[in-house]
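Colleague: sequence first, then the predicted structure:
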Amino acid sequence: MDSKARDVSLGRRLAAITLDWMACYAIVAALSGGLGQMGPRQSPIILALFFMEVWVLTSLIGASLGQKIFGMRVVRFSDGASVSPMQALIRTLFLVLVVTAVTYDENGRGIHERISGTVLARV
């Protein structure tokens, strides 16, 4: 993976993760009876739904909803092939720790990507 990771801008990454979060927020709000019925106890539910959405979709199709819409795909850093469910799990675990997702190396990879051996590439 030479320059594919650098092709994914921070803005594109933030737009995708925001879309994923807002989709999960909307689902929990709808199931809670609307925005007016939401309270602090829904926050862990939103985070759990976000975690499941990102992990399952990355495992199955190589991208979360937001990444798919914004033309990105998670691939193995070593050879650009599809990620394994375990790589997707590790990546998602560290992604929910936001600090790891906003620190980048010279290849444009966050800590969550280095630990899982993945990279976010443009499709």
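Modeller: Looks like it arrived, so ask away.

Colleague: select the longest helix from this structure.
Modeller: helix 10-32 (DSSP state H).

Colleague: so which elements touch that helix?
Modeller: Judged by 3 or more C-beta pairs under 8 Å, 6 or more residues apart in numbering; DSSP states H and E, the packing partners of helix 10-32 are helix 43-61, helix 65-69, strand 72-76. From N, CA and C alone the C-beta is placed, and that goes for glycine too.

Colleague: what residue lies at the spatial centre of this structure?
Modeller: V54 (5.2 Å; C-alpha atoms, centre = their mean).

Colleague: ok, Y104 touching R114?
Modeller: No - Y104 is beyond contact range of R114, at 9.6 Å (criterion: C-beta atoms under 8 Å).

Colleague: can you give me the pLDDT of L120?
Modeller: pLDDT for L120: 91.

Colleague: SS state for E106?
Modeller: Look at E106: counting by DSSP: H, G, I helix; E, B strand; the rest coil, its state is coil.

Colleague: and it, its phi and psi?
Modeller: phi -70, psi -20 (degrees, to the nearest 10).

Colleague: let me know the pLDDT of A101.
Modeller: So A101 comes in at 60 (pLDDT).

Colleague: ditto for the one 10 residues further on
Modeller: Reported pLDDT at I111 in the predicted model: 85.

Colleague: and if you look at the one 4 residues further on?
Modeller: If you check I115, the pLDDT there is 91.

Colleague: you'd agree it is up against L97?
Modeller: No - with contact defined as C-beta under 8 Å, I115 does not reach L97; the gap is 10.6 Å.

Colleague: between these two, tell me which one has more neighbours.
Modeller: I115 (15 against 10; other C-beta atoms under 10 Å).

Colleague: please save the CA atoms from the helix or strand harbouring that one in CSV.
Modeller: Per DSSP states H and E, I115 falls inside helix 111-116. Coordinates of each C-alpha in helix 111-116 appear next as CSV, following Å, rounded to 0.1, in the frame of the first residue of the first chain:
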residue,chain,number,x,y,z
ILE,A,111,-3.1,3.8,15.7
HIS,A,112,-6.2,1.6,15.2
GLU,A,113,-5.1,0.8,11.7
ARG,A,114,-1.5,0.1,12.6
ILE,A,115,-2.5,-2.3,15.5
SER,A,116,-5.0,-4.1,13.2
